[in-house]
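Visitor: Sharing a model that was predicted from the sequence below.
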Amino acid sequence: MTAVPDPELDRLSVATIRGLAMDAPRAASSGHPGTAMALAPLAHVLATRVLRHDPADPAWPDRDRFVLSNGHASILLYSMLHLSGTGVSLDDLRAFRQWGSRTPGHPERGHTPGVEVTTGPLGQGFANAVGMAIAERVTRSHFGDDLCSHHTFVIAGDGCFEEGISHEAASLAGHLGLDRLICVYDDNHITIDGPTELAYTDDVPARFAAYGWAIEQLGESADDLDAIEAGLRRAMANRGRPTLVVLRSHIGFPSPHMTDTSAAHGDPFPPDEIRLTKEILGLPPDTSFWVPDEVPAYYARMAEAGKQARAEWQERLGAWEAAGGDRAAWDAAQAGRALPGWEAKLPTFEAGGEAIATRAAIKACLDATAPLIPGLVAGSADLTGNTGMALEGAVAQAADAPGGTLVHYGIREHAMGAVMTGMAAHGGVLPVGGTFFVFSDYMRGAVRVAALSGVHVVYSWTHDSIGLGEDGPTHQPVEHLAALRAMPGLRLLRPADANETAQCWRVAVQSDGPVALVLSRQKLPVLDGTADLAAEGVPRGAYVLAGTDGAPDVVLVGTGSEVALCMAARDLLATGGIAARVVSFPSWDLFAAQPEDYRAAVLPDGVPRLAVEAATSFGWERYADDSISIDRFGASAPGPEVMAHLGFTPDHVAERARSLVRSGDAQGTSR
């Protein structure tokens, strides 16, 4: 049974949050007090009256999800977590924005208990929430209402809605009819530069209505707790459409001099202003971080409903399992993992047989293993067949197909990336999404947040080089491998053939964080040795695909489609008495994680090394003495012609290797 609100404790709680919102940025000499002050009543209503959550188990699978998309107002979320007893102490609030604290400048998933997603880059959290709503609906459809039936709430502001990603994500959410998604629009009319009208006069509610959202106008109700609750509950009752709840707030309220000013957005309040505002709020004006005992006690009393809901859910989970429910499938879906034995379903391809593009090989891998990956949800940005994401037998996700496991994201790459992040953060699904590799540029902001937060998503980036041909340099990625290899936390794999692709898929499913598969448009030969060696070699990042009887004279290092060129060049070199080792190098980050003795065995010191990759040379000096690369943009022509004109032929690889051997230039170390 839900506890009855207490008006006086409500007032005191809201005032306490507003006090903390001033004190923490002041102590840090950095932060954003104004939005947190304005939205303190909303946060209080969510935490005590609306959100179904249990502070004792913030990761309970059927909890409501809450996302603070305007993550600069992080002190609002941290105050909610502290008052509700979700693992954030008063000392953590005092250490706001300090080294090692649980209260960083913007919320970080995995760093602070109760933080669902990493937010800060505006619009990302909003798109994450769309992904959470999709994951909730898929999980509910597959496992039933008894195990999954909750809402996703997100707060977003003008900054979120000015960013282009919000347009993409809101359009997708409206199209899919995500009716358990509720966004509160903090309509405060202020940005860093000043009034929003300097650059922004959109009719946001009309825009969202055009996307297919229901609109709940609350007007000047930012301090009316009952009106806020009633509006949120009406939104929760909507069916068939997501809901935008429009709340006109006043940034910095009730500060006497800084309300509705841009200074309230991103600057700590001066001490005198904090004192005056605390007097208005009825707080001790000279006491910082004041939290009266009755406020956390009130939050604990109000959280009893969530504790009871979690206990009831656990009983339903047990009853479902006892009645024959597939607990192994539930656990695998929740973890974004596969069922035991799934690797045996991975296809093997015969060397010398039919050539196959790695984008086609990934489809074969997905089709073969999907029955043993209960949470698999594939999708693409209007390139489903092109990127191998046309999952066999899958139904398209739609309002009338809520369990669909194929998402047509449309031409919305940035939103696709962030939606996938939200899906993975929610749990219950393993999202895999595809587009052309060159368009990873459009996704980069979302990919970076996924890497920062360590969520388990898989990107299928195809058409990976100049080998794609006639579409020309606008579609031929050259700098993208180097750029994405530089991103911490992103596992990048570029397989040489179909067998390596299968092992890359195995690595992707078994990884913890985001994984990018960089795949070819053109057909590639199935290479001798990969069927036997890739299973061990790919997870180590690089391995010897073709060796020599004695010590090699040169090492040819290739990635992706260029490994086949190295294999052919090896044969040419052998006719001239040069013994060449071929190393397939699908993943720099996996290789860098190997023990030093393994790396030295693959790339022996003192032996000249030639890298061959149809991309920029940037970074190859780490591993090679010379490289056949592309430090220019590509060209429009059939793929084989472009490759040949730019030096990617067996003859040219052999010629450069001979020159390297003659020069005697070799690295002294491979590390």
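Guide: Structure's in. What do you need? Numbers count the residues shown, from 1 in each chain.
Visitor: Name the helix or strand for Arg448, please.
Guide: helix 440-453 (DSSP states H and E).
Visitor: Quick one: list the elements packing against that helix.
Guide: Judged by 3 or more Cβ pairs under 8 Å, 6 or more residues apart in numbering; DSSP states H and E, helix 440-453 is in contact with helix 124-143, helix 413-426, strand 458-462, helix 480-485. Bear in mind the C-beta positions are built from the backbone N, C-alpha and C, glycine included.
Visitor: Relative to Leu646, which of those is closest?
Guide: Of all the helices and strands packed on helix 440-453, helix 480-485 sits nearest to Leu646, with 15.5 Å by Cβ to Cβ.
Visitor: For the closest residue to Ala24 other than its chain neighbours, give me the pLDDT.
Guide: With sequence-adjacent residues excluded and distances taken as Cβ to Cβ, 6 or more residues apart in numbering, Ala24 is closest to Phe96, at 3.8 Å. We note a pLDDT of 98 for Phe96 in this prediction.
Visitor: Now Phe96: phi and psi?
Guide: Main-chain dihedrals, Phe96, degrees, to the nearest 10: phi -50, psi 130.
Visitor: wait, isn't it in contact with Ser29?
Guide: No. Look at Phe96 against Ser29 with Cβ atoms under 8 Å: they stay out of range, at 10.3 Å.
Visitor: Compare the two (neighbour count), which wins?
Guide: Higher neighbour count among Phe96 and Ser29: Phe96, with 24 against 9, using other Cβ atoms under 10 Å.
Visitor: if I pick the more buried one, what's in contact with it?
Guide: By Cβ atoms under 8 Å, 6 or more residues apart in numbering, the contact list for Phe96 reads Ala24, Pro25, Ala27, Ala28, Gly31, Ile75, Tyr78, Thr103.
Visitor: Looking at these, spot the one nearest Met423.
Guide: Out of those, the member with the shortest distance to Met423 (by Cβ to Cβ) is Tyr78, at 25.3 Å.
Visitor: Out of the helices and strands packed on helix 440-453, which is closest to Ile362?
Guide: strand 458-462 (5.8 Å).
Visitor: Pull up the pairing partners for the closest one, direction included.
Guide: Sheet pairing of strand 458-462 (DSSP bridges) gives strand 430-436 (parallel), strand 515-518 (parallel).
Visitor: a markdown table please, covering these and showing distance to Ile466, mean pLDDT and mean neighbour count.
Guide: What follows is the strands paired with strand 458-462, written out as a markdown table (distance: least, Cβ to Cβ, whole Å; pLDDT from 0 to 100; neighbours: other Cβ atoms under 10 Å):
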| stretch | distance to Ile466 | mean pLDDT | mean neighbour count |
| --- | --- | --- | --- |
| strand 430-436 | 13 | 98 | 27 |
| strand 515-518 | 14 | 98 | 28 |
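Visitor: Rebuild those strands as JSON lines, extending it with distance to Ala654.
Guide: Output for the strands paired with strand 458-462, formatted as JSON lines (distance: least, Cβ to Cβ, whole Å):
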{"stretch": "strand 430-436", "distance to Ala654": "31"}
{"stretch": "strand 515-518", "distance to Ala654": "26"}
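Visitor: what about Ala59, neighbour count?
Guide: 10.
Visitor: So it belongs to a strand, correct?
Guide: No. Using DSSP: H, G, I helix; E, B strand; the rest coil, the assignment for Ala59 is coil, not a strand.
Visitor: Show me this structure divided up by domain.
Guide: 7-308, 342-518, 538-663 (automatic domain parsing).
Visitor: May I see the ones you listed organised as TSV, with distance to Gly336 added?
Guide: Below are those laid out as TSV (distance: least, Cβ to Cβ, whole Å):
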stretch	distance to Gly336
domain 7-308	10
domain 342-518	4
domain 538-663	18
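Visitor: Nearest to Thr530 among these would be which one?
Guide: domain 342-518 (3.8 Å).
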